[in-house]
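J.: Below are the sequence and a predicted model for it; my questions follow.
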Amino acid sequence: MKPRVRFAPSPTGPLHIGGVRTALYNYLFCKKFGGTMILRIEDTDRTRFVPGAEEYIIEAFQWLGIKFDEGVHIGGPFGPYKQSERKSMYKAYADQLIENGWAYYAFDTPEELDARRKEAEAAKKNFQYDLHTRGTLCNSLTLSAEEVKGRLDSGVPYVVRFKFPADTEIVVEDLIRGIVKINSNTLDDKVLYKSDGMPTYHLANIVDDHTMEITHVIRGEEWLPSAPLHVMLYKAFGWEAPQFAHLPLLLKPDGNGKLSKRDGDRLGFPVFPLQWTDPKSGEVSSGYRENGYVPEAVINMLALLGWNPGTEQEIMSMDELIQLFSLEKISKSGAKFDPEKAKWFNHHYVQQIPVNQLVAEFQKVLEGKGIKADDSKVTRVVELIKERIYFTRELWDQSHYFFEAPENYDEQAVKKRWKPGTGAHLTKIAEIIGSVVPFDKQTAHDKVMDYIQQNELNMGQIMNSFRISLVGAAKGPDLFEIVDILGPQEVINRMQKAIEVIRI
RNA sequence: GCCGCAUUCGUCUAGUGGUCCAGGACAUCAGAUUCUCAGUCUGAGGAUCGCGGGUUCGAAUCCCGCAUGCGGUACCA
């Protein structure tokens, strides 16, 4: 049987990178076996709905290359794929549970429950709506049938709660963690159906997974504590449960704890695939895409955070990932996110981008700066500096001096390399450069080297001051490559300017 | 507090009773690339496998206890 898996986010904001990894593992697993990948929107909590979040999620997956076979954005035979649009079907399932004695009506108000919680807290205890306390609360277990009917008929708000049986060992079979057992006496009677007529996650999730014929539920570890509830729910409905796999959490790079939006801001790396502007506060959160990451790098990096192929291979395309993936090789413990390794992956994948594509991208940047340069020059520049960039946005930082003369000179470098007499030597070297007609970088190089040797100059010092005059700093690729691209006249101009400006 | 999950170099991890005095990658450091920076290449350091008990001829690997960390404990997902 081919797997049917789903990724089911809530549209409460931008998709977190941990969520992306969950979706990725679902995708890899499902594609490996030629299965179906479904995008379902779990928007049962209307108070937390954020406009634009759903569109964001869809766009993020498009960018990342994670493709769905069914879902809110593309439809499919099991639709609708948004829980708010499935609202009408859930009540019947809640009713069914009540009829069979697996659930009951509860009329306690949130205020009453809060009061009970505070009370318990004061006594250093924990209040739980469970088999120990449900007999003391206001529900269809404690009220007479007439009273319950009366309340229901007169429209008194109610919720439906699951009724955990006593003394039952619930077994969750997890593909990653093995057998997890828990005693039903410690579990609380979770709300399944809310007073606003919407199901909670627990009910909607089980009903949808069943009706959508989901075979494998691959989700974050934060769901493990409610897995026993879900297992019992399947049992209560008499349905066969899908297989569960609870993924380890993605942790913050320093310390412990779940990776959060704040960590990204604090440590300077994105936590979201795409940039996101909060519709309410207007606050902007950075995204991988806008930060110059390529999707292949993000996918590769994420895949290895909690999984590995069992070999020493680290660089893998999506297709290889699909081939190599297996649930058994997912680790059990949380993985700290490492921004440095993310950079390393990106460097690798940026190197794979064809030069002409980089040139096209860079031309746009140059245009934005009002700089006109023909493709042949930009191509030479890109070829020369490509290997030193980690992100495509660094193209400009690493090559600006090819397009504009330095305005100022790096102080540290000048202090170290510019000595009395440097100006005079550079004047000579400028003459030498000018004397090579037609210009040829090899000849220019040889002649300059001759000059340095004949005058017994310090090569490091003179070459670096030469470099400073062209670049403005002691960095960059081979000097004579720079000279060649700039052309002799521009080189001479820059040298003269530097000699004038930098006085020792 | 209660319930659950986890625990191998700084980080991600390999490892499923002997071939592991623990392998790889990122990061770090050093050397090379004879102008610089970056990149690249080569090399180095780095884990008494959380701790304590067992089981076994033999344990990172199996069992028990403890500790620590994390997750959950909402009419949120």
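T.: Okay, I see it.

J.: what's around A:Asp130, how many residues?
T.: 18 (other C-beta atoms under 10 Å). No exception for glycine: its C-beta is placed from N, CA and C like everyone else's.

J.: thought it was touching A:Leu187?
T.: Yes - if you go by C-beta atoms under 8 Å, A:Asp130 and A:Leu187 touch, sitting 6.6 Å apart.

J.: shared neighbours of these two, which are they?
T.: A:Phe164 (C-beta atoms under 8 Å, 6 or more residues apart in numbering).

J.: Contacts only, for the residue nearest to A:Pro3 when sequence neighbours are not counted.
T.: In space, and not counting its chain neighbours, A:Pro3 is closest to A:Gly35: 3.6 Å by C-beta to C-beta, 6 or more residues apart in numbering. Applying C-beta under 8 Å, 6+ apart, we find A:Gly35 in contact with A:Lys2, A:Pro3, A:Arg4, A:Val5, A:Phe29, A:Thr215.

J.: how about 7 Å then?
T.: Counting by C-beta atoms under 7 Å, 6 or more residues apart in numbering, A:Gly35 touches A:Lys2, A:Pro3, A:Arg4, A:Val5.

J.: how close does it get to A:Lys2?
T.: Distance of A:Gly35 to A:Lys2, computed by C-beta to C-beta, to the nearest Å: 4 Å.

J.: just A:Thr12 next, same as before
T.: A:Thr12 is 31 Å from A:Lys2, by C-beta to C-beta.

J.: show me where the stretch 101-250 of chain A has helices.
T.: A:110-122, A:145-153, A:201-211, A:227-237 (DSSP state H, counting those that start in this stretch).

J.: Quick one: closest of those to RNA strand B.
T.: helix A:201-211 (3.5 Å; C-beta to the nearest atom of the strand).

J.: Residue ranges in chain A under the pLDDT threshold?
T.: Scanning chain A for pLDDT under 70 picks out A:504.

J.: which parts of stretch A:364-377 are buried?
T.: Across stretch A:364-377, burial judged by 16 or more other C-beta atoms under 10 Å covers A:Leu366, A:Ala373.

J.: Any idea how far apart the tips of that stretch sit?
T.: End-to-end distance for stretch A:364-377: 14 Å, by C-alpha to C-alpha, to the nearest Å.

J.: Show residues contacting that stretch.
T.: With C-beta under 7 Å, 6+ apart, stretch A:364-377 has contacts from A:Val359, A:Leu395, A:Trp396, A:Phe403, A:Ile485.

J.: any idea which element the second one lies in?
T.: With elements taken from DSSP states H and E, the one containing A:Leu395 is helix A:394-397.

J.: Show me what that helix is packed against.
T.: On a contact count with 3 or more C-beta pairs under 7 Å, 6 or more residues apart in numbering; DSSP states H and E, helix A:394-397 meets helix A:355-368.

J.: Tell me where the stretch 401-504 of chain A has helices.
T.: Using DSSP H, counting those that start in this stretch, helices in the stretch 401-504 of chain A cover A:411-417, A:422-435, A:441-454, A:459-471, A:479-486, A:488-501.

J.: between A:Thr12 and A:Lys2, which one's more packed in?
T.: Set side by side, A:Thr12 and A:Lys2 show more neighbours around A:Thr12, with 13 against 9, by other C-beta under 10 Å.

J.: Report how many residues lie close to A:Met37.
T.: For A:Met37, using other C-beta under 10 Å, the count is 23.

J.: try the one 3 residues further on
T.: Burial of A:Arg40, expressed as a neighbour count using other C-beta under 10 Å, amounts to 26.

J.: repeat for the one 10 residues further on
T.: Residue crowding around A:Val50 was assessed by other C-beta under 10 Å; the count is 17.

J.: backbone phi and psi for it, please?
T.: A:Val50 adopts backbone torsions of phi -120, psi 120, taken as degrees, to the nearest 10.

J.: For it, which residues are in contact?
T.: A:Pro11, A:Thr12, A:Gly13, A:Pro279.

J.: Go again with 10 Å.
T.: For A:Val50, the contact set (C-beta atoms under 10 Å, 6 or more residues apart in numbering) comprises A:Ser10, A:Pro11, A:Thr12, A:Gly13, A:Pro14, A:Asp43, A:Tyr56, A:Trp276, A:Asp278, A:Pro279, A:Lys280.

J.: Quickly check: the longest helix that chain A contains near RNA strand B or not.
T.: When chain A is parsed with DSSP state H, its longest helix is helix A:17-32. No - between helix A:17-32 and RNA strand B, judged by C-beta under 7 Å from any atom of the strand, nothing touches; the nearest distance is 9.3 Å.

J.: continuing past that helix, what's the next helix or strand?
T.: Past helix A:17-32, further along toward the C-terminus, the next helix or strand under DSSP H and E is strand A:36-39.

J.: Show me what the helix or strand following that next one is packed up against.
T.: Counting by DSSP H and E, the element after strand A:36-39 in chain order, helix or strand, is helix A:53-64. On a contact count with 3 or more C-beta pairs under 10 Å, 6 or more residues apart in numbering; DSSP states H and E, helix A:53-64 meets helix A:17-32, strand A:36-39, strand A:70-71, strand A:276-277, helix A:295-303.

J.: And the first one, how far out from the chain middle?
T.: Put plainly, it is helix A:17-32. In this view, helix A:17-32 has its centroid 12 Å away from the chain centroid, taken as C-alpha atoms, centre = their mean, to the nearest Å.

J.: and if you look at stretch A:275-288?
T.: With C-alpha atoms, centre = their mean, you get 14 Å for stretch A:275-288.

J.: could you dump stretch A:178-194 to CSV, C-alpha only?
T.: The C-alpha trace of stretch A:178-194 is given here as CSV (Å, rounded to 0.1, in the frame of the first residue of the first chain):
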residue,chain,number,x,y,z
GLY,A,178,9.3,2.1,19.7
ILE,A,179,6.6,1.3,22.2
VAL,A,180,5.4,4.0,24.5
LYS,A,181,3.0,3.0,27.3
ILE,A,182,1.0,5.2,29.5
ASN,A,183,-1.7,4.6,32.2
SER,A,184,-5.0,6.1,31.4
ASN,A,185,-5.5,7.2,35.0
THR,A,186,-2.9,10.0,34.5
LEU,A,187,-4.6,11.4,31.4
ASP,A,188,-7.1,14.2,31.4
ASP,A,189,-10.4,14.4,29.6
LYS,A,190,-9.5,16.5,26.7
VAL,A,191,-12.0,18.8,25.1
LEU,A,192,-12.9,17.4,21.7
TYR,A,193,-15.6,19.8,20.7
LYS,A,194,-15.6,23.5,21.7
